[in-house]
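Engineer: quick one, structure for this:
(one chain, ligands or ions: 2)
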Amino acid sequence: MKSLVNKIVFITGASSGIGKAAAFMFASEGADLILAARRIDRLKELESGLKNKFKIDVLTIELDVRKKGDVKKAVGSFIGKWRKIDILLNNAGLARGMSKIHEGDTDQWDEMIDTNVKGLLYVSREVIPLMVEKMEGHVINLGSIAGHEVYPNGNVYCASKFAVNGLSRAMRVDLYDKNIRVTTIDPGMVETEFSEVRFSGDKERAKKVYEGWKPLSADDIAETILWTALRPAHVNISEVIIMSTAQGSTTLLNKK
Ligand code: NDP
Ligand code: 8X3
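Structural biologist: Ligands and ions are numbered 1, 2, ... in the order given. As a prediction, this is how the structure comes out:
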């Protein structure tokens, strides 16, 4: 098992859900953290909580992964040990809306593709060269079962996660000779702020998604992420598909 003490883990989308839970998991293993998201107030609160509880170093940055120049500037500003990123968790992502392909909102399409695909690429483009330099690293991408199986009205979100799946494979074939591991974590439904964001703040509609069955929690996914990071250095977990026991496919839920 690898030790994460003094390792640097960079987490995008750390202000909520899976990213925040992963921050706690990595901190509990002694890793130092770079936490990025747009809601800096939340990150600052998280930073002080993690520092107090785990006595680790934390660097928080306000970052919109869609902004290529800002991503470049942010990673370029890391100095000293913060440049030696060991693990990149490409987690920032979102769904917006659910509608038939011929009725979709093209601004929502842009937002999903810009965040889930282009944002992931911008961050990876700046961070992976630092890993190549030291010939060591681990990139963990948040995909989804939506990247394996489309569902009605999920069109562009699903396509963005199919892209993450493809990019994870592409990263693996481009980086295997640089001693860099690439993992994609592909969950089914996880109860986070995901549905609230998808339905533009409609809490009632979001709550209904998780009613009558037991979805995955952010901690379930964070534990799995951590497990992939703790494998011995020669072991690369390429892909993890993980669903609630009550979920049979993207569309099958055992609701009571
Ligand atoms: P949350 O909405 O709880 O968290 C999403 C995180 O992404 C937030 O921290 C948010 O931070 C960040 N984010 C969104 N847009 C941007 C942006 N432009 N720049 C920087 N950060 C951004 O959802 P989850 O934790 O569930 O989602 C995390 C990942 O897991 C996503 O990639 C999602 O697609 C994936 N996933 C989720 C599943 C689920 O059912 N919940 C299932 C499968 C995959 P902020 O708004 O502060 O910028
Ligand atoms: C999130 C899971 O099924 O809502 O990726 O698309 S789903």
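
Engineer: show me which residues of the stretch 101-250 of the chain sit near ligand 2.
Structural biologist: Taking C-beta under 6 Å from any ligand atom as the contact definition, the stretch 101-250 of the chain meets ligand 2 at 144, 146, 154, 189, 250. For glycine as for every other residue, the C-beta is placed from the backbone atoms N, C-alpha and C.

Engineer: tell me the contacts of the first one?
Structural biologist: Okay, so that is residue 144. 158, 161, 164, 186, 187, 188 (C-beta atoms under 8 Å, 6 or more residues apart in numbering).

Engineer: repeat the analysis, applying 7 Å as the threshold.
Structural biologist: Under the criterion of C-beta atoms under 7 Å, 6 or more residues apart in numbering, the neighbours of residue 144 are 161, 186, 187.

Engineer: which members of those residues occur in helices, if any?
Structural biologist: residue 161 (DSSP state H).

Engineer: which of the contacts of residue 144 tops the neighbour count?
Structural biologist: Among these, residue 161 has the most neighbours (other C-beta atoms under 10 Å), with 28 neighbours.

Engineer: with adjacent residues omitted, what lies nearest to it?
Structural biologist: Distances taken as C-beta to C-beta, 6 or more residues apart in numbering put residue 147 closest to residue 161, at 3.3 Å, once the chain neighbours are dropped.

Engineer: check residue 249 too.
Structural biologist: Nearest non-adjacent residue to residue 249, counting by C-beta to C-beta, 6+ apart: residue 149, 6.3 Å away.

Engineer: can you read off the pLDDT for the nearest residue to residue 142 once chain neighbours are set aside?
Structural biologist: Leaving aside its sequence neighbours, residue 142 sits nearest to residue 91 (C-beta to C-beta, 6+ apart; 4.6 Å). Here the pLDDT value assigned to residue 91 is 99.

Engineer: do the same with residue 14
Structural biologist: Looking at residue 14, its pLDDT reads 99.

Engineer: my read: it touches residue 21, true?
Structural biologist: No - with contact defined as C-beta atoms under 7 Å, residue 14 does not reach residue 21; the gap is 9.5 Å.
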